[in-house]
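Novice: Following is a predicted model, sequence given first.
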Amino acid sequence: QVQLVESGGGLVQAGGSLRLSCAASGTIFSIGAMGWYRQAPGKQRELVATITNGGSTNYTGSVKGRFTISRDNAKNTVYLQMNSLKPEDTGVYYCNTFIRSSWYRGPAAYWGQGTQVTVSS
């Protein structure tokens with residue numbers, strides 16, 4: 001069994017900062033790329049940022065220069081530092097990754113439970 005547990009969401013004023021964390025636990029052989037998605041009310045879930053095992057990152061255009069994704073492989077944890085937050089960043093943020101539970105199993109996709117981020121104007 002593998003679980004992704006997120007933390008760090010909340011209510012913040014525009015221009016403020018939040019840091020999200022997502023920790024993977026359970027039977028883990030290896031973890032692949034990790035990412036953050038978000039879903040605003042009435043909208044589809046969208047990719048926010050991704051990071052590979054080697055630390056290469058990618059961001060959606062609207063968060064470039066404001067958000068930073070990072071990971072601690074020793075802790076099986078991915079972070080999302082969000083600065084200069086805007087009301088349009090409001091939504092439920094989900095972490096996602098691909099985990100192999102043993103050497104003979106292929107990777108499976110896992111999602112966190114979601115954490116609410118609300119940015120007031």
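Specialist: Everything's here; your move. Numbering: from 1, shown residues only.

Novice: Is the spatially most distant residue from the centre of the chain in a helix, a strand, or coil?
Specialist: Largest separation from the mean C-alpha position in the chain: Tyr104, at 26.9 Å (Cα atoms, centre = their mean). Here Tyr104 is recorded as coil under DSSP: H, G, I helix; E, B strand; the rest coil.

Novice: now Val5
Specialist: Val5 is classified as strand under three-state DSSP.

Novice: List the contacts of the nearest residue to Arg45 once chain neighbours are set aside.
Specialist: Nearest residue to Arg45, sequence neighbours excluded (Cβ to Cβ, 6 or more residues apart in numbering): Gln39, at 4.2 Å. The C-beta positions use only the backbone N, C-alpha and C, and glycine is treated the same way. By Cβ atoms under 8 Å, 6 or more residues apart in numbering, Gln39 lies in contact with Arg45, Glu46, Gly91, Val92, Tyr94, Gly114.

Novice: likewise Trp36?
Specialist: Counting by Cβ under 8 Å, 6+ apart, Trp36 has contacts 20, 22, 47-50, 69, 78, 80, 93-96.

Novice: beta partners for it?
Specialist: Assessed by DSSP bridges, Trp36 has beta-bridge partners Ala49, Cys95.

Novice: where's it relative to Arg105, distance?
Specialist: With distances taken as Cβ to Cβ, to the nearest Å, Trp36 is found 25 Å from Arg105.

Novice: Pick out the residue closest to the middle of the chain.
Specialist: Geometric middle of the chain (Cα atoms, centre = their mean) lands on Trp36, at 2.9 Å.

Novice: What helix or strand is the closest residue to Gly114 other than its chain neighbours located in?
Specialist: Here the nearest residue to Gly114 in space, its sequence neighbours aside, is Val92; by Cβ to Cβ, 6+ apart that works out to 4.4 Å. Assessed by DSSP states H and E, Val92 sits inside strand 91-100.
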